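# Sequence below, structure please.
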Amino acid sequence: MEALSIIAELKHNQEVFRHLLQSATQEQYTFKPDPKTWCLLEVVCHLLDEEIEDFRARVEHVLSRPGQPLKPIRPESWPKERNYMDQDFESVLQQFLVERRESVAWLNSLQDPKWEQTVDHPDMGPRSAKKFLINWLAHDYHHIRQINRIQHAYLKYTSGDDLTYAGKW
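Numbering: from 1, shown residues only. Here you go, the predicted model:
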């Protein structure tokens, strides 16, 4: 997949996230299908943090400073450290959408980016800017699927109905 197609899909996914999340009520965005599963509020907080501190920052890093080590991040600790459950859902969603717009504008502004440049990831070895870009899109798809699973579980919980007629989940 070419970089321009990936960037176009990241832009498209901004609207996907908006449509999936914009009408969520407090009950919906704090609903957890089980104690180990994130709620929509935690997903949105994670998306915002990843947009700024992981994917955009790392693509920029590889393109501008390929020989320098990556800044370490610990996304698995962010929900507690950053009090995701105490955040305002609507504000975080809007911030994420703004940041995604800025990411896409920045990506589209790049002049002849060297997508094959690499940096040594401390856990995964050499990673190219394009690999980070592709994984940015894969990360979107992962969380779009996760959001749909949470919404399906919420529908099942609130309706109390058997949803198997809709198809195998």
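# Go through this structure and flag its longest helix.
Longest helix in the chain, counting residues (DSSP state H): helix 129-159.
# Could you tell me which residues within that one count as buried?
Within helix 129-159, the residues that count as buried by 16 or more other Cβ atoms under 10 Å are 129-133, 135-137, 139-140, 143, 146-147, 150-151, 153-154. Placement of C-beta: from N, CA and C, glycine included.
# counting contacts, what elements does it pack onto?
In this structure, helix 129-159 makes packing contacts with helix 3-21, helix 40-49, helix 56-64, judged by 3 or more Cβ pairs under 8 Å, 6 or more residues apart in numbering; DSSP states H and E.
# most centrally placed residue in this structure?
Leu47 (3.7 Å; Cα atoms, centre = their mean).
# which residues touch that residue?
With contacts taken as Cβ atoms under 8 Å, 6 or more residues apart in numbering, Leu47 has the following neighbours: Phe17, Phe96, His143.
# any idea how far the closest residue to the second one other than its chain neighbours lies from Glu2?
Think Phe96. Of all residues not flanking Phe96 in the chain, Leu48 sits nearest, at 4.2 Å (Cβ to Cβ, 6 or more residues apart in numbering). In this structure, Leu48 and Glu2 are 27 Å apart, going by Cβ to Cβ, to the nearest Å.
# I would like the residues contacting stretch 153-169, please.
Applying Cβ under 8 Å, 6+ apart, the contact partners of stretch 153-169 are Gln28, Phe31, Pro33, Thr37, Arg149, His152.
# how about a cut-off of 10 Å?
Among residues not part of stretch 153-169, those counted as contacts by Cβ atoms under 10 Å, 6 or more residues apart in numbering are 24-25, 27-29, 31-34, 37, 39-40, 148-149, 152.
# buried subset of those residues?
Burial by neighbour count, judged by 16+ other Cβ under 10 Å, picks out Ala24, Gln28, Tyr29, Phe31, Lys32, Cys39, Leu40 from the contacts of stretch 153-169.
# Which ones among those residues map onto helices?
The subset of the buried ones among the contacts of stretch 153-169 located in helices under the criterion DSSP H comprises Gln28, Tyr29, Leu40.
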